[in-house]
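*Asks:* could you work out the structure for the sequence below:
(chains A and B)
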There are 2 protein chains.
Amino acid sequence: MAPAHDPPSPASQEHAVAKPLVGPLSALDLARKIDAGGITPAGVVELCAEAIAAREPEVRAFAALDVARARARAEAAVAMLSAAPLRGLPVGVKDIFDTADLPTAYGSPVYAGHRPAADAALVSMLRRAGGLLLGKTVTTQFAFMDAGDTRNPHDPAHTPGGSSSGSAAAVAAGMLPVAIGTQTGGSVVRPGAYCGVAAYKPSYRMLPMVGCKCFSWSLDTAGLFAAGIIDVAFAAAALTGRDLRVDRVAPAAPRIGLARTHIWPEASPAMQAAVELAARRAQTAGATVVEIKLPPVFEDAFRAHAAIQDHEVHRALAYEYDTHRERLGPHLKAHLAAAVDITPEAYDDARRVAKRARHALADLMGEVDVLLTPSAPGAAPRGLESTGQSIFNRMWTLMGTPCINVPGVYDESGLPLGVQVVGRFGRDRAALEAALFVERAVAPASGA
Amino acid sequence: MAPAHDPPSPASQEHAVAKPLVGPLSALDLARKIDAGGITPAGVVELCAEAIAAREPEVRAFAALDVARARARAEAAVAMLSAAPLRGLPVGVKDIFDTADLPTAYGSPVYAGHRPAADAALVSMLRRAGGLLLGKTVTTQFAFMDAGDTRNPHDPAHTPGGSSSGSAAAVAAGMLPVAIGTQTGGSVVRPGAYCGVAAYKPSYRMLPMVGCKCFSWSLDTAGLFAAGIIDVAFAAAALTGRDLRVDRVAPAAPRIGLARTHIWPEASPAMQAAVELAARRAQTAGATVVEIKLPPVFEDAFRAHAAIQDHEVHRALAYEYDTHRERLGPHLKAHLAAAVDITPEAYDDARRVAKRARHALADLMGEVDVLLTPSAPGAAPRGLESTGQSIFNRMWTLMGTPCINVPGVYDESGLPLGVQVVGRFGRDRAALEAALFVERAVAPASGA
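*Replies:* Numbers count the residues shown, from 1 in each chain, chains lettered A, B, ... in the order given. All right, here's what the predicted structure looks like:
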């Protein structure tokens, strides 16, 4: 393995411009201010309410909102602050999670006005941690490809990405300090990149999926959005009680594997430059950077993702397909019609490929702490019909590894790019620490 | 490893009496008769309705029944018979699975009268396969230990086992040819043993859990009940489209590992005798039988089951615990109160133990096709308060391996015993074939 290319071509360089973060509310800063008495939970709710009043008419990130209830709960939160790691912070939850006190439509007209009987487990965890459920955020239909109304806060003519469209956009527009989403292909990392915020897909099943509308039980993974890496790590630690915070000590210099992968040519010149810029700046800041060539089993795993997802969704959404077919979005309807052809044998073969690739990845990551790879093919595409492609994410989702979008790099038109840090399964804290190291290296001004 | 003990002690021998199966309706026989024009789906519904009229007042296996709708659907089923592998057979579904057209209470007063918005995936698969949903079967509260009203069809003063109480009892009483249950500890295999029917817990996630009320996402596994092994294999093949039928050729003689495990002394003399009888008769019929001593990691895995289950249920039933605590059964309420103490670190440790045990099991099963072990500590205990213990099941549930209760052995009082065949992960067909071999060896008269 050779060192990362350095210097990059001048053509690439001009597309990758570091630009300081503006807009998002830092969850950690707000929590510290609440602790210090500089603001109350009710005051944070008002901050969010003001941003929502200003930005929501254009951004359209919310499927349901309940500011009044959040205000009432903010008062109650003060009493529990010492035992509440989320400290009365408003949180948005993708409308693919059940909530007993807010409508839950899964992005579909089939479920318009649906009121689940119970909260999803993650929603209960959020409440237990002292978080204030401020609203449900827009999802594509059943978290697939049929887009909702949300627009990219950086340019409303562009998609925010999907399927966690509203969660990424709401955080990017400063309407919420923390939002919850899910990823089956690339639905956390990609909208995080398109909207220029930190997005963290933890190791498979670190966050419970109970009460989340299932698309593919082997792949669906809950994740978090926040302003920066320290914020998303703070929120994850607060929700789970795990030792995930990375704001207390300077991150150690990681060993980074630059993984261009076999689809590198499908990344835009700006994205290629962003990844190379991140690698170069991380190296300058003290990281070890080596090029990693993934063995061929990962190309098989890339394809296996589709077989696993499609075999499972044919069953997971069987009721909707069999009973409400004409009310499904065109992408989903066509996809489900084709999914019937994935035989159990093809599915089992795909699972065996995934297992082989996971073993290969564990071997490969004995030499590095994290991989660095694109978060998306490029900046958010123009238009709202397509939410973009998950080609740089889906194989990692299948691996079950922590994946983090590191924000802070922009293309020449000012749209966010993002680089993806992929960690080892179960080593989420190390992945977050490496992501923080890269974030600071890329945009030193944004470091705390 | 020494050969299985043979002969057993005379004291044990007198407790293990082979007795022919009576009562249950054979799903495969009914399917064949439907194919041959000997009976219609409507006729099978009437057979079940008659058995229900005769036995249900005593057995109390159903939480909800809809014979009228099953009759109507039986008429429609005739038209789809050639494409319907379940061929219009009535099926009962444990009331832990969502059904859009039958109430779904999860065994709890919290959800009395609840009507889910969608069918569970397995219910849709059942309908797609041509099965007729005849009713919801009684579950313990949230599939834990607070018992429902169901009684053992062999003696109403005894528990049918839990948590899939109604599914096992309904099949045993001839009220249904097929029923669906779930197992988190031993809730398929144990009630199958107590009620004297074939019970099959497939490899983890062979059957989808979407729309099934979650207790522990790493453990909850759907399973099937039917009269005998060929029936349960037929039903599994029909539901999944997998090559699982074992009725077409005589089963090959398996290599059987007799696994007494470290809790063997907790099995009753009758159960010990039943397992030894099954081993001896299988050997006489041509099987290779060796004694398997499980390495110590399986004792750790036995304990790890509790940590994994409890950490997960604290989150999976968070809404119910936080919002409806006083309406939960005493066992569940106490269990959830204690579950808060399982830290993420203890949970992660338990998952690592489970992983090590799975690797050890895969190594160990290079030498044998299946393990033979008790299905339960003994016959169904007297009384309806306790549904019995899952100590002989929970470690295998954690391993994710196929587990099958082989019926056909009874204790001296006439109550069913059952021996458990444990297969290799993903080798469900081989496990079913071995279970059929054991079933025929134990009770030759019941062989097809």
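*Asks:* go ahead and confirm A:Ile292 touches A:Val368.
*Replies:* Yes. Between A:Ile292 and A:Val368 there is a contact at 6.8 Å, judged by C-beta atoms under 8 Å. In short, each C-beta sits where N, CA and C put it, glycine included.
*Asks:* of those two, give the one with the bigger neighbour count.
*Replies:* A:Val368 (23 against 20; other C-beta atoms under 10 Å in any protein chain shown).
*Asks:* phi, psi of A:Gly148?
*Replies:* phi -90, psi -160 (degrees, to the nearest 10).
*Asks:* state the distance from it to A:Thr139.
*Replies:* When distance is defined by C-beta to C-beta, to the nearest Å, A:Gly148 is 7 Å away from A:Thr139.
*Asks:* need the per-residue pLDDT for A:Pro444.
*Replies:* For A:Pro444, the model assigns a pLDDT of 56.
*Asks:* A:Ala435 too?
*Replies:* With respect to pLDDT, A:Ala435 has a value of 98.
*Asks:* point out where the stretch 301-448 of chain A drops to low pLDDT.
*Replies:* Applying pLDDT under 70 to the stretch 301-448 of chain A picks out residues A:444-448.
*Asks:* if we can go back for a sec, shared neighbours of A:Ile292 and A:Val368, anything?
*Replies:* A:Gly257 (C-beta atoms under 8 Å, 6 or more residues apart in numbering or on different chains).
*Asks:* and the closest residue to A:Pro254 other than its chain neighbours, how many neighbours does it have?
*Replies:* Of all residues not flanking A:Pro254 in the chain, A:Ala434 sits nearest, at 3.9 Å (C-beta to C-beta, 6 or more residues apart in numbering or on different chains). By other C-beta under 10 Å, the residues close to A:Ala434 number 32.
*Asks:* what's the one helix or strand A:Ala434 maps to packed up against?
*Replies:* In this assignment (DSSP states H and E), A:Ala434 forms part of helix A:428-442. Judged by 3 or more C-beta pairs under 8 Å, 6 or more residues apart in numbering or on different chains; DSSP states H and E, the packing partners of helix A:428-442 are strand A:198-201, helix A:229-240, helix A:269-284, strand A:370-374, strand A:403-410, strand A:416-422.
*Asks:* out of those, nearest to chain B?
*Replies:* Proximity to chain B (C-beta to the nearest C-beta) singles out helix A:229-240 among those, at 6.3 Å.
*Asks:* surely A:Phe142 is within a helix?
*Replies:* Yes. A:Phe142: assigned to a helix according to DSSP: H, G, I helix; E, B strand; the rest coil.
*Asks:* you'd agree A:Arg429 is up against A:Pro251?
*Replies:* No. Assessed by C-beta under 8 Å, A:Arg429 is found out of contact with A:Pro251, at 10.4 Å.
*Asks:* quick one, which of the two is more surrounded?
*Replies:* Shown here are A:Arg429 and A:Pro251; by other C-beta under 10 Å, A:Pro251 has more neighbours (23 against 18).
*Asks:* that one: which element?
*Replies:* In this assignment (DSSP H and E), A:Pro251 forms part of neither any helix nor any strand.
*Asks:* next one: A:Glu58
*Replies:* helix A:41-59.
*Asks:* quick one: the strands in chain A?
*Replies:* Per DSSP state E, chain A carries strands over the ranges A:17-18, A:62-65, A:90-94, A:132-137, A:178-183, A:198-201, A:221-226, A:255-258, A:288-291, A:370-374, A:403-410, A:416-422.
*Asks:* for chain B, give me its nearest residue in the stretch 251-400 of chain A.
*Replies:* Closest point on the stretch 251-400 of chain A to chain B, by C-beta to the nearest C-beta, is A:Ala318, at 3.4 Å.
*Asks:* so what's the residue count around the residue nearest to that residue when sequence neighbours are not counted?
*Replies:* Among residues not flanking A:Ala318 along the chain, B:Ser124 sits closest, at 3.4 Å (C-beta to C-beta, 6+ apart). Counted by other C-beta under 10 Å, the residues lying close to B:Ser124 total 25.
*Asks:* who has more neighbours out of A:Gly148 and A:Thr139?
*Replies:* Set side by side, A:Gly148 and A:Thr139 show more neighbours around A:Thr139, with 30 against 22, by other C-beta under 10 Å.
*Asks:* quick one: contacts for whatever residue of the stretch 101-250 of chain A ends up closest to chain B?
*Replies:* Proximity of the stretch 101-250 of chain A to chain B (C-beta to the nearest C-beta) peaks at A:Ser124, 3.4 Å away. Going by C-beta under 8 Å, 6+ apart, A:Ser124 touches B:Arg315, B:Ala318, B:Tyr319, B:Asp322.
*Asks:* how about the contacts made by the residue of the stretch 251-400 of chain A closest to chain B?
*Replies:* Here A:Ala318 is in contact with B:Asp119, B:Ala121, B:Ser124, B:Met125, B:Arg128 (C-beta under 8 Å, 6+ apart).
*Asks:* with A:Gly131 instead?
*Replies:* Contacts of A:Gly131 (C-beta under 8 Å, 6+ apart): A:Leu86, A:Gly88, A:Leu89, A:Pro90, A:Val91, A:Val178, A:Ala238, A:Leu239.
*Asks:* if we use 6 Å, what do you get?
*Replies:* Shown in contact with A:Gly131 (C-beta atoms under 6 Å, 6 or more residues apart in numbering or on different chains): A:Leu86, A:Leu89, A:Val91.
*Asks:* same question, A:Gly23
*Replies:* A:Gly174.
*Asks:* A:Phe302 too?
*Replies:* A:Met395.
*Asks:* do the one 5 residues further on as well
*Replies:* By C-beta under 6 Å, 6+ apart, the contact list for A:Ala307 reads A:Ile342, A:Ala346, A:Tyr347, A:Ala350.
*Asks:* from these, list just the buried residues.
*Replies:* A:Ile342, A:Tyr347, A:Ala350 (16 or more other C-beta atoms under 10 Å in any protein chain shown).
*Asks:* can you tell me the closest non-neighbouring residue to the first one?
*Replies:* I take that to be A:Ile342. Setting aside the residues directly before and after it, A:Ile342 is nearest to A:His311 in space (C-beta to C-beta, 6+ apart), at 4.1 Å.
*Asks:* so that neighbour touches A:Tyr347, yeah?
*Replies:* Yes. Using C-beta atoms under 6 Å, A:His311 is in contact with A:Tyr347, at 4.0 Å.
*Asks:* would you list the contacts of A:Ala307 in TSV and tack on distance to B:Leu30?
*Replies:* Output for the contacts of A:Ala307, formatted as TSV (distance: C-beta to C-beta, whole Å):
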residue	distance to B:Leu30
A:Ile342	30
A:Ala346	31
A:Tyr347	29
A:Ala350	35
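*Asks:* residues near the closest residue to A:Val368 other than its chain neighbours, how many?
*Replies:* Of all residues not flanking A:Val368 in the chain, A:Gly257 sits nearest, at 3.8 Å (C-beta to C-beta, 6+ apart). Counted with other C-beta under 10 Å, the neighbours of A:Gly257 add up to 25.
*Asks:* on that earlier part again, out of the helices and strands packed on helix A:428-442, the one nearest A:Pro191 is which?
*Replies:* Comparison of the helices and strands packed on helix A:428-442 against A:Pro191 by C-beta to C-beta identifies strand A:198-201 as nearest, at 6.9 Å.
*Asks:* for the stretch 251-400 of chain A, what lies in contact range of chain B?
*Replies:* A:Arg315, A:Ala316, A:Ala318, A:Tyr319, A:Asp322, A:Pro344 (C-beta under 6 Å from any C-beta of the partner chain).
*Asks:* what is the burial count for A:Thr40?
*Replies:* A:Thr40: 17 surrounding residues under other C-beta under 10 Å.
*Asks:* next, it: phi, psi?
*Replies:* phi -100, psi 160.
*Asks:* roughly how far apart are it and A:Val178?
*Replies:* For A:Thr40, the distance to A:Val178 equals 17 Å [C-beta to C-beta].
*Asks:* do A:Asp349 as well
*Replies:* 39 Å.
*Asks:* go on, A:Leu28?
*Replies:* A:Leu28 is 10 Å from A:Val178, where distance means C-beta to C-beta.
*Asks:* what of A:Leu25?
*Replies:* From A:Leu25 to A:Val178 the distance is 9 Å (C-beta to C-beta).
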